[in-house]
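give me coordinates for this.
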Amino acid sequence: MALWNEKPTPGPIPTARKEPLTPLPGGAAPAAPAPIVERPAPVERMSSDAALAPARRPAPAPRSEGGESVIAANLTIEGKIEGTGNVRMAGRFKGDVRIDGNFNIDPGAHLTGQVLAAVVVVGGELQGNIESAKRVDVLEGGVIVGDVKAGSITVAAGSRMRGHVEFGWDDEKLKKLGTVAGS
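You can find the predicted model right below:
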């Protein structure tokens, strides 16, 4: 069943005339090209059942877990952030951050609270501790006032930190060290 009915236009279909690429003998000017006539687009017709059916909206695309949530530069938020996925902070936040993903503090951003994330990148200011991160990167201009526990840490020239730093230790190594030191 066709959804539209295309009616042919009466008469022959005009075509554009091609002009020769070389000049005509005797210097004669080529004749003016014939006007191009366009055919009208086919008219779409719907069956009466389709016209009465409600319009369908496409389902929203599922959110991927690899996406990134952003706290914009002009926002100030107080509370806590928990969940999976990556978070980029460009504004001000007061509270704890516990995510299974990466956490970026952009230059100019400010966080007051504890951070627990896989990878933490500090370009702004953090007043609080970073716990059990796989990696911490302190960018030029980044400031940390608090303790840091991480698998590895990279500190750029021009960054500042005040606090205690532990890196290169696995949790199991820390437990063994605590057991040996406690005996």
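
show me where pLDDT drops low in the protein?
1-66, 170-183 (pLDDT under 70).

go again using 80 as the cut-off
Applying pLDDT under 80 to the chain flags residues 1-67, 169-183.

just the helices in it please.
Remark: helices assigned in the chain by DSSP state H are 48-52, 171-182.

any idea how far the nearest residue to A133 once chain neighbours are set aside lies from G67?
The spatially closest residue to A133, leaving aside those adjacent along the chain, is A150, at 4.3 Å (C-beta to C-beta, 6 or more residues apart in numbering). Glycine gets a C-beta too; all of them are placed from N, C-alpha and C. Using C-beta to C-beta, to the nearest Å, we find A150 at a distance of 24 Å from G67.

more crowded one of those two?
Between A150 and G67, A150 has the larger neighbour count (other C-beta atoms under 10 Å), namely 21 against 10.

wait, what's in contact with F93?
71, 76-78, 81, 109-113 (C-beta atoms under 8 Å, 6 or more residues apart in numbering).

one more pass at 6 Å, please.
Remark: with contacts taken as C-beta atoms under 6 Å, 6 or more residues apart in numbering, F93 is in contact with 77, 111.

with L116 instead?
Neighbouring residues of L116 by C-beta under 6 Å, 6+ apart: 98, 131.

just list whatever residues bridge to it.
Judged by DSSP bridges, the bridge partners of L116 are R98.

T84 too?
D100.

same thing with V136?
Residues in beta-bridge contact with V136 (DSSP bridges): V120, I153.

give me the number of residues near it?
The burial count for V136: 26, using other C-beta under 10 Å.

and the gap between it and L116?
Counting by C-beta to C-beta, the gap from V136 to L116 is 12 Å.
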